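Student: Sequence and predicted structure, then a few things I'm wondering about:
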Amino acid sequence: MRPPKKRTIGRNEQKPLRKGNKFHNSKPTAKKTTTEREDIRLNKYIADAGVCSRREADKLIADGEITVNGKVETNMGTRVTREDVIKYKGAVLKREKYVYILINKPKDYITTMSDDKDRKTVLDLIEGACKERVYPVGRLDRNTTGLLLMTNDGELTKRLTHPSHHVTKIYVAELDKPVSQDHLDQLMKGFELEDGFTKFDSAEYDPKTRSKNIILVKIHSGKNRIVRRSFEHLGYDVKKLDRIQFGTLKKGALTRGKWRLLNRKEIGFLKMTK
């Protein structure tokens with residue numbers, strides 16, 4: 001029996017060198033300099049400064065609204081470092097480490113940074129989550145549960161809370177008595193409250209329970225206690241109110257009293273809010 005023929009390595013092949021349990025390419029790799037490691041695309045720098053999303057930053061660059069080291073930069077592929085001076089409308093942009101925390105708020109926590117009555121605040125729920133000081137985006141009253149976003153990204157906060165941007169919020173409301181279809185229609189047609197006209201984007205019986213006491217409502221208004229006040233206007237008392245969606249953020253598996261950091265995709269979608 002002839003012994004098996006040994007395979008030879010061709011001219012264009014490299015045999016990996018084994019070291020411990022890892023393989024290392026025999027060809028040395030050039031070390032990156034500190035600048036090379038830290039440089040990023042200009043649009044990301046602008047987005048990290050909280051001005052806008054990366055897509056919107058591309059438009060600012062193309063429109064000649066961004067300067068780098070005193071010169072207008074219109075090349076969207078430009079890369080910059082922390083040593084470069086980037087300006088928008090004459091103001092220097094500084095990259096910050098932004099933190100985005102989503103909380104499933106329990107009842108009896110207030111949406112303030114501190115309380116002179118020593119009540120529990122939403123900051124108690126995220127103690128130790130980050131070193132940065134974060135603030136609530138909008139508010140949930142003490143008895144309302146559900147999703148609350150907290151961040152130090154001021155630009156995004158303004159965008160998500162400004163009435164012109166129509167950020168959708170979805171709530172599950174449990175009422176003290178069955179709600180008539182006529183009243184659901186009124187909620188969607190709208191009516192005047194003490195602070196002006198309001199209406200719901202949608203109001204329907206909860207498809208999960210089919211109970212006429214439990215209503216699924218969608219609204220984009222950011223007025224204080226707007227869901228509770230709207231039902232009270234029609235003669236109902238809201239027993240429970242839970243926010244299950246804020247913009248593109250959904251509760252998912254986030255349990256009551258817990259928090260999690262947003263991922264890049266979620267942050268990107270929020271920054272695309274018009």
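Tutor: Looks like it arrived, so ask away. None of the values given here were measured: they were computed from a predicted structure. Numbers count the residues shown, from 1 in each chain.

Student: what's the average pLDDT for the longest strand along the chain?
Tutor: Of all the segments of type strand in the chain, defined by DSSP state E, the longest one is strand 238-246. For strand 238-246, mean pLDDT is 98.

Student: Tell me the first helix or strand C-terminal of it.
Tutor: For strand 238-246, the succeeding helix or strand toward the C-terminus, using DSSP states H and E, is strand 249-250.

Student: now that following strand: mean pLDDT?
Tutor: The model assigns strand 249-250 a mean pLDDT of 96.

Student: Tell me which other helices or strands the helix or strand just after it touches.
Tutor: Of the helices and strands lying after strand 249-250 in sequence (DSSP H and E), the nearest is strand 259-261. In terms of contacts (3 or more C-beta pairs under 8 Å, 6 or more residues apart in numbering; DSSP states H and E), strand 259-261 is packed against strand 100-105. For the C-beta atoms, the positions are set from N, CA and C on the backbone; glycine is no exception.

Student: continuing past the strand it packs on, what's the next helix or strand?
Tutor: Next along the chain from strand 100-105, counting by DSSP H and E, comes helix 122-125.

Student: Give the buried residues for that following helix.
Tutor: 122-123, 125 (16 or more other C-beta atoms under 10 Å).

Student: And for stretch 239-246?
Tutor: Under 16+ other C-beta under 10 Å, the buried positions of stretch 239-246 are 241-244, 246.

Student: Check the offset of that stretch from the chain's centre.
Tutor: Stretch 239-246 sits 18 Å away from the centroid of its parent chain (C-alpha atoms, centre = their mean, to the nearest Å).

Student: starting at the chain centroid, how far to the longest strand of the chain?
Tutor: Using C-alpha atoms, centre = their mean, the offset of strand 238-246 from its chain centre is 19 Å.

Student: can you list the residues that contact it?
Tutor: With contacts defined as C-beta atoms under 8 Å, 6 or more residues apart in numbering, strand 238-246 is touched by 137-138, 140, 143-149, 167-176, 227-228, 231-232, 250-251.

Student: what angle do that strand and strand 100-105 make?
Tutor: For strand 238-246 against strand 100-105, the angle by axes from the mean of the first three to the mean of the last three C-alpha atoms, to 10 degrees is 160 degrees.

Student: contacting residues for the nearest residue to Arg229 once chain neighbours are set aside?
Tutor: Among residues not flanking Arg229 along the chain, Leu193 sits closest, at 6.0 Å (C-beta to C-beta, 6 or more residues apart in numbering). Taking C-beta under 8 Å, 6+ apart as the contact definition, Leu193 lies against 229-230, 233.

Student: can you do 10 Å?
Tutor: 223, 226, 229-230, 232-233 (C-beta atoms under 10 Å, 6 or more residues apart in numbering).

Student: and Ser180, how many residues sit next to it?
Tutor: Ser180: 11 surrounding residues under other C-beta atoms under 10 Å.

Student: typo on my end, it should be Lys44
Tutor: Residues near Lys44, counting by other C-beta under 10 Å, number 14.

Student: do Thr255 as well
Tutor: Per other C-beta under 10 Å, the neighbour tally for Thr255 reads 9.

Student: With Tyr109 as the reference, measure out to it.
Tutor: 15 Å (C-beta to C-beta, to the nearest Å).

Student: Please tell me how far Asn143 sits from Lys239.
Tutor: Asn143 is 9 Å from Lys239, by C-beta to C-beta.

Student: same thing with Phe231?
Tutor: Separation of Phe231 from Lys239 (C-beta to C-beta): 10 Å.

Student: Find residues that contact each of these two.
Tutor: 173, 175-176.

Student: who wins for neighbours among the residues you listed?
Tutor: Ala173 (23 neighbours).

Student: can you tell me which residues contact that one?
Tutor: Listed by C-beta under 10 Å, 6+ apart, the contact partners of Ala173 are 144, 179, 203, 206, 213-217, 227-228, 230-231, 236, 238-242.

Student: rerun at 8 Å
Tutor: 214-217, 227, 231, 238, 240-242.
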